[in-house]
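In: Sequence first, predicted model second:
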Amino acid sequence: MEPDATPPQPPGLPRLKAVHGVFFALVCAATAETILGPFMSDNGSQFASIGRMAIVFLSLYTLHRFSLTGLRSYRPGFKDLCTLTLILIGAIITVWAGRILAFSIIQYLATSSYELKLHPQLFDFAIPFAAGALLLQAVLGLHYALMYSLSLTITVGLYSPNNPILVPYILATSIMACLNLSRFRSRSAYIKAGINIAFISLPFALAYIIMSAPDNFYNIIIPIVGAFAGGILCIFMASGVTPIVEALGGYVTDMRLLEMATLDHPLLKDMSVQAPGTWNHSMVIGMMVDRAADAIGANAVLARVGAYFHDIGKMKKPLYFVENQAGGENRHDKLSSSMSALIIRSHVKDGLELGKKHKLPPAILDMIPQHHGTSTIDYFYKKAKKEAAELEGEDAEVDVSLYSYPGPRPQTREAGILMLADGIEAAARTISEPTPDRIQGMVQKMINKVFASGELNECELTLKDLHLIAKSFTQVLTSIHHQRIAYAEPAEKGGEKQEGRSESQAIKKDSTRSASIKAPEKNKSSQAVSAPESKKETKDQKDEEVADSDASKASDDKNQSDEDSKPAGEDLKRLGI
């Protein structure tokens, strides 16, 4: 049977998705005509209004369908499409408010003592068109922000026929906002993005000044000041509205994930006390998935925080997991294989319950069951098959569903990376001598095993991604399990060694001196008690005296040689010279 050459249809193109697109395009077109239509100089023609609405509707609907097919990350649910629609309507209202304010300022200056005649288009550069792109980039991602940028450009461009430079201006500033916030790692990212938007707005303002041939100083300075003001307004609007959208829509931004990654979360604190082995396991996996996600262009913050919380369910029964047993009794020795497998599987359900209780973001909750997928608990499954074969014979069957996780399989690249890291980190602890070559071989073997099992079929990881992931895992595990050299015993300090030698020499010198003093006294006392001594005793005493004197002389000579062997500079230092 030949394989089907037709590529699979993206999941974003069912009929219901098409209906969602109609809703998005129709609402935006009606809102734009209602709010911006009165600014058009067509004398309120009904046919002109219908024509503009039709153009906006068809353009946005076509753009939506194209994005569903061409943009991999653009898979909006109804909630996401409503969020995109509301932000786009908010941008249209902002344009309306900016133009109302511009007409008010122009009318005031024209009737006041200044008598200035200004064009309304001068103030368009101060409107924060890119604020919505910053907001969507932080909440939903790059492809949603790109969809917003193109939709706003088409809509506002159609309702601004007297300012043709506004179309490329909106598109350029919005795309610049998306690119500058692609790595959202701190609140200051908004400031950096706003400054870059202001700088890219400046050439458009200068181009407008050249094209409009200004006749006074205000027609030159207002567009330049407006360009910088627009960038600053983008900062305040995006940073102020993002927490509101995040809370009302239930979204999780990188900023919230970074706050959770500080390890101050109550679940992580409890896990470090109740299941310290699991906590250490999670921290190591966090390093692994962070490096791998960066390597393949996935969301490294989401992967790392998901790794921290993926095993929180083990806190319910920590001693049934080997990393928390610390060499003690293995409680599974007293249980049947099916009961052990049930306890192991239950940590997924317990983790979901704890996560929902502590209101973890949906993206983190999804990783708790997905990091195991539908894999089998091999150890207890093989043990059960062996026990069944011993009792019922070789043909005995074991229900594999009792020893498999419920799933689902990983649906995102971050969840797929977490599944790979979970098994590989555990396997790395079993290597007796973790050399770089052994670690690399183990990593490749584990990845091939998971890939062959089909667990990664739904998470869009490519073979190139798996190669980069294996390389990243090997680097992290090699740095963790590197070998250390055996250090020698610490040598004695020079001062202590010299001091000890001087003390021993002084003691030896005192002992020899006391021996030489005691020898004559011993002779005198012996002569007083018994004068007649034999020649043999006298000869022995003389020999002892000679030996003592020789020992004393040798000790003195040695001390003198030690003193002579010292550098000449030591004496000068001692004298302060």
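Out: Structure's in. What do you need? Residues are numbered from 1 along each chain as shown.
In: now the helices for the stretch 251-400 of the chain?
Out: With helices called from DSSP state H, counting those that start in this stretch, the stretch 251-400 of the chain shows them at 254-260, 266-274, 276-296, 300-309, 337-357, 362-370, 378-392.
In: okay, the ones you listed, which one's buried deepest?
Out: helix 300-309 (a mean of 26; mean count of other C-beta atoms under 10 Å). Heads up, the C-betas are built off the backbone N, CA and C, glycines and all.
In: tell me the mean pLDDT over that helix?
Out: Averaging pLDDT along helix 300-309 gives 94.
In: What is the distance between that helix and the centre of its chain?
Out: From the chain centre to the centre of helix 300-309 is a distance of 7 Å (C-alpha atoms, centre = their mean, to the nearest Å).
In: Give me the helices and strands touching that helix, please.
Out: If you count contacts as 3 or more C-beta pairs under 8 Å, 6 or more residues apart in numbering; DSSP states H and E, helix 300-309 packs onto helix 254-260, helix 266-274, helix 276-296, helix 362-370, helix 413-428.
In: Out of the helices of the stretch 251-400 of the chain, flag the one nearest residue 138.
Out: helix 254-260 (7.3 Å; C-beta to C-beta).
In: Could you list the domains of this structure?
Out: According to automatic domain parsing, the chain comprises the domains 15-251, 258-480.
In: And the pLDDT for residue 261?
Out: 85.
In: Roughly how far does residue 307 sit from residue 61?
Out: Distance, residue 307 to residue 61, using C-beta to C-beta, to the nearest Å: 40 Å.
In: Show the low-confidence segments of the stretch 51-200 of the chain, by residue range.
Out: Along the stretch 51-200 of the chain, the model assigns pLDDT under 70 to residues 113-115.
In: residue boundaries of the helices in it?
Out: Using DSSP H, counting those that start in this stretch, helices in the stretch 51-200 of the chain cover 78-111, 131-139, 142-158, 166-180, 188-212.
In: what helices or strands is the third one leaning on?
Out: Going back to what we said before, that points to helix 142-158. Against helix 142-158 (3+ C-beta pairs under 8 Å, 6+ apart) you get helix 15-36, helix 46-70, helix 78-111, helix 131-139, helix 166-180.
In: same deal with the second one?
Out: Helices and strands touching helix 131-139, by 3+ C-beta pairs under 8 Å, 6+ apart, are helix 78-111, helix 142-158, helix 166-180, helix 218-249.
In: Next: the fourth one.
Out: For helix 166-180, the helices and strands in contact under the criterion 3+ C-beta pairs under 8 Å, 6+ apart are helix 131-139, helix 142-158, helix 188-212.
In: which residues are contacting the shortest one?
Out: Counting contacts by C-beta atoms under 8 Å, 6 or more residues apart in numbering, the residues outside helix 131-139 that touch it are 83-84, 87-88, 90-91, 94, 144-145, 148-149, 152, 174-175, 177-178, 181-182, 184, 190, 193, 233-234, 237-238, 241-242, 245-246, 249, 251, 253-255.
In: Can you turn the buried part of those residues into a ChimeraX selection?
Out: Of the contacts of helix 131-139, the buried ones can be selected in ChimeraX as follows, counting by 16 or more other C-beta atoms under 10 Å:
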select :83,84,87,88,90,91,94,144,145,148,149,152,174,175,177,178,181,184,190,193,233,234,237,238,241,242,245,246,251,253,254,255
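In: Centroid-nearest residue for this protein?
Out: residue 301 (3.5 Å; C-alpha atoms, centre = their mean).
In: That one reaches residue 259, doesn't it?
Out: No. If you go by C-beta atoms under 8 Å, residue 301 and residue 259 don't touch, sitting 10.5 Å apart.
In: Please state the offset of stretch 194-207 from the chain centre?
Out: Distance of stretch 194-207 from the chain centroid (C-alpha atoms, centre = their mean) equals 32 Å.
In: in it, what counts as buried?
Out: For stretch 194-207, by 16+ other C-beta under 10 Å, it's 194, 195, 196, 197, 198, 200, 201, 204, 205.
In: before we move on, the earlier item: and the helices and strands packed on helix 131-139 as TSV, adding distance to residue 387?
Out: Converted to TSV, the helices and strands packed on helix 131-139 look like this (distance: least, C-beta to C-beta, whole Å):
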stretch	distance to residue 387
helix 78-111	49
helix 142-158	52
helix 166-180	58
helix 218-249	51
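In: how about the ones you listed, which one is nearest residue 469?
Out: For residue 469, the closest of the helices and strands packed on helix 131-139 is helix 142-158, at 21.8 Å, according to C-beta to C-beta.
In: angle of the closest one against helix 46-70?
Out: Put simply, helix 142-158 runs at 160 degrees to helix 46-70, going by axes from the mean of the first three to the mean of the last three C-alpha atoms, to 10 degrees.
In: List of residues touching helix 142-158?
Out: For helix 142-158, using C-beta under 8 Å, 6+ apart, the contacting residues are 28, 32, 36, 52, 55-56, 59-60, 63-64, 67, 71-74, 76, 80, 84, 87-88, 91-92, 95, 129, 132-134, 136-137, 166-167, 170-171, 174-175, 177-178, 182.
In: picking up where we left off before, ok, which of the helices of the stretch 251-400 of the chain comes nearest residue 324?
Out: Smallest distance to residue 324 across the helices of the stretch 251-400 of the chain (C-beta to C-beta): 4.1 Å, for helix 276-296.
In: now for the closest one, which elements pack on it?
Out: So helix 276-296, by 3+ C-beta pairs under 8 Å, 6+ apart, packs with helix 266-274, helix 300-309, helix 413-428, helix 463-480.
In: hang on, the earlier thing: residue contacts, the residue nearest to the centre of the chain?
Out: Counting by C-beta under 8 Å, 6+ apart, residue 301 has contacts 185, 254, 257, 258, 261.
In: Same check on residue 195?
Out: By C-beta under 8 Å, 6+ apart, residue 195 lies in contact with residue 231.
In: Roughly how far does it sit from residue 124?
Out: The value you get for residue 195 to residue 124, if C-beta to C-beta is used, is 20 Å.
In: swap in residue 65?
Out: 30 Å.
In: who's more crowded, these two?
Out: residue 124 (26 against 16; other C-beta atoms under 10 Å).
In: Check the contact between that one and residue 101; I expect there is one.
Out: No. Checked against C-beta under 8 Å, the pair residue 124 and residue 101 is beyond contact range at 11.3 Å.
In: can I get the helices of the stretch 51-200 of the chain in JSON lines with distance to residue 403?
Out: Putting the helices of the stretch 51-200 of the chain into JSON lines (distance: least, C-beta to C-beta, whole Å) gives the following:
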{"stretch": "helix 78-111", "distance to residue 403": "37"}
{"stretch": "helix 131-139", "distance to residue 403": "41"}
{"stretch": "helix 142-158", "distance to residue 403": "40"}
{"stretch": "helix 166-180", "distance to residue 403": "46"}
{"stretch": "helix 188-212", "distance to residue 403": "46"}
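In: Figure out which of those helices is closest to residue 441.
Out: Ranking the helices of the stretch 51-200 of the chain by proximity to residue 441 (C-beta to C-beta) places helix 142-158 first, at 37.1 Å.
In: Can you show me the CA trace of that closest one as CSV?
Out: Output in CSV follows, covering the C-alpha atoms of helix 142-158 (Å, rounded to 0.1, in the frame of the first residue of the first chain):
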residue,chain,number,x,y,z
LEU,A,142,4.5,35.9,17.7
HIS,A,143,2.0,34.6,15.1
TYR,A,144,-1.0,36.2,16.8
ALA,A,145,0.8,39.5,17.0
LEU,A,146,1.7,39.2,13.3
MET,A,147,-2.0,38.6,12.5
TYR,A,148,-2.9,41.7,14.5
SER,A,149,-0.3,43.8,12.8
LEU,A,150,-1.5,42.9,9.3
SER,A,151,-5.2,43.4,10.2
LEU,A,152,-4.6,46.8,11.8
THR,A,153,-2.5,47.9,8.9
ILE,A,154,-5.3,47.0,6.4
THR,A,155,-8.1,48.5,8.4
VAL,A,156,-6.4,51.8,9.4
GLY,A,157,-4.8,52.2,6.0
LEU,A,158,-8.2,52.0,4.3
